[in-house]
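[1] No letters, just coordinates:
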Ligand code: NDP
């Protein structure tokens, strides 16, 4: 069956027609190579679905930018994020998963089998698809923030908070995530600054109450981060305190860690034409399953989880997606 011979693509506003390569038919195509994608692959491969993984732009997912992972079960001494992902990859390959470089650039889920195009030119015809494209943490966009990523700057308190036991940290953001991360860190760190750009928090009442009543959290309302400072690791931050139009004061704080909690962006843009998402873009699944609104398309990991966002929960949902795909194929084929 052939869906396309050529494809009209728009790249950098340049419209062009691309000749497609030969299409490949697969039983189970997994999009994304974080813990959810690889776990789905391990299960799908062991069930003889001969899965193909399209790795995506950030092969290995968010964990490849994390240093030490101490809360993934099975690693009593902890493991570095990249090594954990290499292990998951090797385990998926051991059972015959076919791992491909490339990024999915378009999909057609309007009929089954589904069409998925990689890098504008390689068509896959898939009987089932597991979307495991994850979410990307939003950052402030400061040069110094980029410089200290993995050396004091983090977007995940549950992942990295432990390293700041007895130290001083800052959390930036005013929503539930920031409030939760600040409270979590307050249980470990000596002092937590919560940097909020507005004169109020937008977190839920219960969370606001909690941060306001935690003695070692200091809320800095109407503060913005100008720069994160340090030589090799973070040692401080320069903030701008704003009160009214013309009143701006520079404030310096001494910290060892800087946690960004200003929201995540689920990587679901490509699928929205076919797959239902919530208002933020997280894919909606039928509760207790990985099923999306399109039978045969499943979602796993952070792309469908705004709440837990842990490697182990992503892996668990990847397992669910593979089992759901296997059952779907058994029922329909
Ligand atoms: P939100 O979008 O709710 O909040 C983001 C926060 O970051 C806002 O306070 C925003 O400020 C601030 N922000 C955004 N950009 C910047 C910037 N450049 N500089 C400084 N501050 C910035 O994201 P969350 O991740 O907190 O929450 C996402 C969703 O998940 C929400 O619906 C939340 O309720 C939910 N959630 C629920 C939890 C629970 O129930 N346990 C736990 C965690 C999340 P401003 O207010 O000025 O726009």
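    The structure has been received and is ready for your questions. Not measured: the values here are computed from a predicted model.

[2] alpha carbons only for contacts and neighbour counts from here, please
    Fine.

[3] Report pLDDT for the nearest residue to residue 284 once chain neighbours are set aside.
    The shortest distance from residue 284 to any non-neighbouring residue, by C-alpha to C-alpha, 6 or more residues apart in numbering, is to residue 277 (5.1 Å). Note for residue 277: predicted pLDDT of 98.

[4] Check whether residue 277 really touches residue 283, as I assumed.
    Yes: Residue 277 lies in contact with residue 283 (C-alpha atoms under 8 Å); the separation is 4.1 Å.

[5] Next, residue 126: phi, psi?
    Dihedral pair for residue 126: phi -120, psi 130, per degrees, to the nearest 10.

[6] Could I get the pLDDT score of it?
    Confidence score, pLDDT, at residue 126: 98.

[7] Kindly tell me how buried it is, as a neighbour count.
    By other C-alpha atoms under 10 Å, 23 other residues sit near residue 126.

[8] Equivalent analysis for residue 35, please.
    For residue 35, the neighbour count with other C-alpha under 10 Å is 32.

[9] How about residue 308?
    Neighbours of residue 308 (other C-alpha under 10 Å): 12.

[10] The closest residue to the ligand within the stretch 51-200 of the chain sits in which helix or strand?
    Residue of the stretch 51-200 of the chain nearest the ligand, by C-alpha to the nearest ligand atom: residue 174 (3.1 Å). Applying DSSP states H and E as the criterion places residue 174 outside every helix and strand.

[11] how about the closest residue to it other than its chain neighbours, secondary structure?
    Excluding the flanking residues, the one nearest residue 174 by C-alpha to C-alpha, 6+ apart is residue 201, at 4.7 Å. Under DSSP: H, G, I helix; E, B strand; the rest coil, residue 201 falls in the coil class.

[12] what's the distance between residue 201 and residue 247?
    Using C-alpha to C-alpha, to the nearest Å, residue 201 is found at 21 Å from residue 247.

[13] who has more neighbours, those two?
    Higher neighbour count among residue 201 and residue 247: residue 201, with 19 against 9, using other C-alpha under 10 Å.

[14] which residues touch that one?
    For residue 201, the contacting residues are 174-175, 208, by C-alpha atoms under 8 Å, 6 or more residues apart in numbering.

[15] Let's see the pLDDT reported for it.
    For residue 201, pLDDT reads 97.

[16] Which phi and psi values does it adopt?
    According to degrees, to the nearest 10, residue 201 has phi -90, psi 150.

[17] Which positions in this structure make contact with the ligand?
    Listed as neighbours of the ligand in the chain under the rule C-alpha under 6 Å from any ligand atom: 140, 173-178, 197-198, 202, 262-264, 306-307.

[18] Good, wrapping up.
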